[in-house]
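# give me coordinates for this.
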Amino acid sequence: MNKKYKNYDIVMEYAKNIIEGRKVACRETIQMCQRFLKDLENPAYDFNPKNAEFVIQIIEKTFVHQKGEDMQGYPLRGRPFLLEPWQKFIVYNLLGFYHKGTILRRFKEAFIMIPRKNGKTPFISALAWGLGLLERISGAEIVIVGALLKQALQSFNFLLYNLQQMGEDKNFRILDNNQEHSISGELGDGYLRIETIAGNSDRMDSLNTLIQILDELHLYKNASQYNTIKESGKAYRNSLCIGITTAGDNMNSFCYNRMKYCQKILNGTVKDEQLFIFIAKADEDPETGEVDYTNPIEHERANPNYNVSVSAQELLNDAMQAQNDPQQRKSFLAKSLNIYTSAMKAYFNIDEFRASDKKYNWTITELAKLPIKWYGGADLSKMHDLTAAALYGVYNDVDIVITHAWFPIVAAHKKAEEDNIPLFGWKDDGWLTMCNTPTVNYDDVIKWFVEMRNKGFKIDQVGFDRKFGREFFLGMKMHRFRIEDTPQLYHLKSEGFRRIEKKVKDKKFYYLHSEAFEYCVQNVRAIEQTDDAVKYEKVEPTQRIDIFDASVFAAMQMLKSMQKSELAKKWLKGGE
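Here you go, the predicted model:
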């Protein structure tokens, strides 16, 4: 096969060099190369790189660089656009695998995640052109979607420049105005049309496309935007939806969750045979989530175009600046090393929480049997939003929080989509109950505390601000709970906040691996006060922190009880 296909050996050598350690690569890159070689042996697929070769050679023989300089500083403009081995590897995967005995391609979707300055935009533009010519007989309708029109136009301008360089611009219908940016034309035995649009365009719902290329996925607010574009290919059996991105700073976003899903596929914990994955990033410490961001090895792992379009020396210089100037660090991690960071305004590092939580594995049943005195807290919603409750206790110097949430089912679909809250995932995992009433019924929250007590949890008392739900306050008292009126004053809540913060840093904090709790932690924005107190709120209006807030209430209650106990001991000792 290697004699017949010009790039076959290049792709195979790329994959084997990475697997055997001759080429520096991150965990995900190694896993995807292992997946590729394993797929070659899979009897469910035929592997035929004929179409992949066609696309690669079309690009390399017809496309040239529009701008930029090589590593020696010489202009690239007008020079042949030659693909790197990793780019050929992507094309070989996307177009080489077929379901056994058919012409139906195996991969229907692709998730490509690489740092900036690795030639992402010209690559996807050239790929769109190659795919358009390949699929011309089917009437190739291709859309390149940028989160913003300015981003989408970079691809359009690169395509237009190359058509002009080929002298083919007169043979195509080119629309470049405020209403439309497209290139279309009859090709004798077929038809090709490539359009670039912004993600918020009114044209989204009317698309009917064979190939969809979605740029800058990290800017997509929710899955519905992605799915609307992907579903425009349903009329074609060989449709292909390619999402390409750099890491962002919102760990509650569609793109971050998509990345985590892809990592599960590469790990083998989830099976999805129609999704191709290419992720290049720095490796994170599996325990702490930290990145050795000044290490050139990590720079090379993250950047497939290392010393091709991305300078090793410039990366090192940026890393040193990020080390010396903390305000530059998150940007460097996200844009140059492809590491997802929490929002710039977020107070906590979620990796610290995960590292602490990972050390422990008690179940609800086991915790109910331990000699722990539990303290409750609740954060009740305004009518039809998220409500949360928590139990907080200490065992062997480890702080443990058990949380639960409620949401009215009539508003759940709308809020889950509008605000990108994974409510239904939390429900499936047992962290949330969908209320059948239009608003959260406080009796449901009281029932949870009763059920936890019946399971064996020794609940000493519950803290709650009665002015935010007098019915709940009275209902808890009717069920014989000791409930204390705890005003929501920041200097009081600071104690609970600081307690959680310290225990997390000491790796003595456990929250039963709750993704709902993690979601809320990532949305906390805190402002340090002069007296070491802290005021906290949510980073964005559409986010939620209620589960974390209920945990702070419960921690406050525990600290108040401990303080009273210490005072009582001192009083008794003085009386003696």
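
# average pLDDT for stretch 238-253?
With pLDDT averaged residue by residue, stretch 238-253 scores 88.

# would you agree residue 511 is in contact with residue 520?
No: in this structure residue 511 lies outside contact range of residue 520 using Cβ atoms under 8 Å: 10.3 Å. Every residue, glycine included, has its C-beta placed from N, CA and C.

# what residue ranges in the chain score low on pLDDT?
Segments of the chain classed as low confidence (criterion: pLDDT under 70) are 1-3, 200-206, 342-345, 381-384, 466-468, 487, 489, 530-531, 565-576.

# pretty sure residue 420 sits in a helix.
No: secondary structure of residue 420 (DSSP: H, G, I helix; E, B strand; the rest coil): coil, not part of a helix.

# ok, and the closest non-adjacent residue to it?
Closest residue to residue 420 in three dimensions, ignoring its sequence neighbours and counting by Cβ to Cβ, 6 or more residues apart in numbering: residue 222, at 4.5 Å.

# helix, strand, or coil at the nearest residue in space to residue 431 that is not next to it in sequence?
Nearest residue to residue 431, sequence neighbours excluded (Cβ to Cβ, 6+ apart): residue 516, at 4.1 Å. Under the three-state scheme (three-state DSSP), the conformation of residue 516 reads as helix.

# so that it lines up with my notes, have the first residue be 25 from now on.
Yep, numbering from 25; the last one is residue 540 now.

# count the residues that sit near residue 540.
Applying other Cβ atoms under 10 Å, we find 27 residues neighbouring residue 540.

# now swap in residue 83 and tell me
Residue 83 is surrounded by 25 other residues when neighbours are defined as other Cβ under 10 Å.

# so it touches residue 148, yeah?
No: Residue 83 is not in contact with residue 148 according to Cβ under 8 Å; the separation is 11.2 Å.

# what is in contact with these two at once?
With contacts taken as Cβ atoms under 8 Å, 6 or more residues apart in numbering, not a single residue reaches both residue 83 and residue 148.

# could I get the contacting residues of residue 425?
By Cβ under 8 Å, 6+ apart, the residues touching residue 425 are 414, 415, 416, 524, 533, 534, 535, 541, 575, 578, 579.

# mind listing which of these are in helices?
The helices, defined by DSSP state H, take in 524, 541, 575, 578, 579 from the contacts of residue 425.

# what helix or strand is residue 114 on?
Here residue 114 is covered by helix 109-120, with elements defined by DSSP states H and E.

# neighbouring contacts of the helix or strand following that helix?
Using DSSP H and E, the helix or strand that follows helix 109-120 in sequence is strand 121-123. Outside strand 121-123, the residues within contact range by Cβ under 8 Å, 6+ apart are 63, 68, 69, 70, 71, 72, 128, 129, 130, 131.

# pick out the most distant pair among those residues.
Maximum pairwise distance among the contacts of strand 121-123 (Cβ to Cβ): 15.3 Å, between 63 and 128.

# which one's more surrounded, those two?
Higher neighbour count among residue 63 and residue 128: residue 63, with 17 against 11, using other Cβ under 10 Å.

# now do the contacts for the more buried one.
Residue 63 makes contact with 69, 71, 121, according to Cβ under 8 Å, 6+ apart.

# may I see the buried residues of the helix or strand that contains it?
Under the criterion of DSSP H and E, residue 63 resides in helix 51-64. For helix 51-64, a neighbour-count test (16 or more other Cβ atoms under 10 Å) marks 51, 52, 53, 54, 55, 56, 57, 59, 60, 63 as buried.

# with stretch 187-205 instead?
Within stretch 187-205, the residues that qualify as buried by neighbour count (16+ other Cβ under 10 Å) are 187, 196, 198, 205.

# measure that stretch end to end?
Distance across stretch 187-205, first residue to last, is 14 Å (Cα to Cα, to the nearest Å).

# and for stretch 319-333?
End-to-end distance for stretch 319-333, by Cα to Cα: 19 Å.

# which outside residues touch it?
48-50, 53, 92, 95, 108, 110, 138-139, 141-143, 304-307, 315-316, 334, 336, 339-340, 343, 360-363.

# and what about residue 28, helix, strand or coil?
Using three-state DSSP, the structure places residue 28 in coil.

# dig out what residue 562 forms beta bridges with.
residue 548 (DSSP bridges).

# can you report how many residues neighbour residue 502?
8.

# can you map out the strands along the stretch 425-574 of the chain?
The residue ranges that make up the strands of the stretch 425-574 of the chain, judged by DSSP state E, counting those that start in this stretch, are 456-459, 482-488, 507-509, 533-534, 548-552, 558-562.

# so what are the sheet partners of the shortest one and their directions?
The sheet places strand 533-534 alongside strand 422-432 (parallel), with pairing taken from DSSP bridges.

# mind listing the helices for the stretch 175-324 of the chain?
247-254, 278-291, 320-326 (DSSP state H, counting those that start in this stretch).

# out of those helices, the one nearest residue 117 is which?
Distances from residue 117 to each of the helices of the stretch 175-324 of the chain were compared using Cβ to Cβ; the minimum, 13.1 Å, belongs to helix 278-291.

# what's the closest one packed up against?
Packing partners of helix 278-291 (3 or more Cβ pairs under 8 Å, 6 or more residues apart in numbering; DSSP states H and E): helix 51-64, strand 133-137, helix 247-254, strand 299-303.

# of these, give the one that comes closest to residue 386.
Ranking these by distance to residue 386, with Cβ to Cβ as the measure, places helix 51-64 first at 29.0 Å.

# buried subset of the contacts of strand 121-123, written for PyMOL?
Applying 16+ other Cβ under 10 Å to these leaves a buried subset, and the PyMOL line that selects it is:
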select buried, resi 63+69+71+129+130+131
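
# among the contacts of strand 121-123, which lie within helices?
Restricting the contacts of strand 121-123 to those inside helices, with DSSP H as the criterion, leaves residue 63.

# closest one of the contacts of strand 121-123 to residue 40?
Taking Cβ to Cβ as the measure, residue 63 is the one of those closest to residue 40, at 14.4 Å.

# thinking again about what came up before, between the buried residues of helix 51-64, which sits nearest residue 79?
Distance to residue 79, by Cβ to Cβ, is smallest for residue 60 among the buried residues of helix 51-64, at 17.3 Å.

# residues contacting the closest residue to residue 495 other than its chain neighbours?
Nearest-residue entry for residue 495: residue 466, 5.3 Å, with adjacent residues in sequence omitted and distances by Cβ to Cβ, 6+ apart. The contact partners of residue 466, by Cβ under 8 Å, 6+ apart, come to 404, 493, 495, 496, 499.

# from those, which ones fall inside helices?
Counting by DSSP H, these contribute 495, 496, 499 to helices.

# ok, the first one to residue 488 distance?
Note on residue 495: its distance to residue 488, by Cβ to Cβ, to the nearest Å, is 11 Å.

# next up, the contacts around the residue nearest the centre of the chain.
The C-alpha lying nearest the average C-alpha coordinate of the chain belongs to residue 280 (Cα atoms, centre = their mean; 0.3 Å). For residue 280, the set of contacting residues under the criterion of Cβ under 8 Å, 6+ apart consists of 242, 272, 274, 364.
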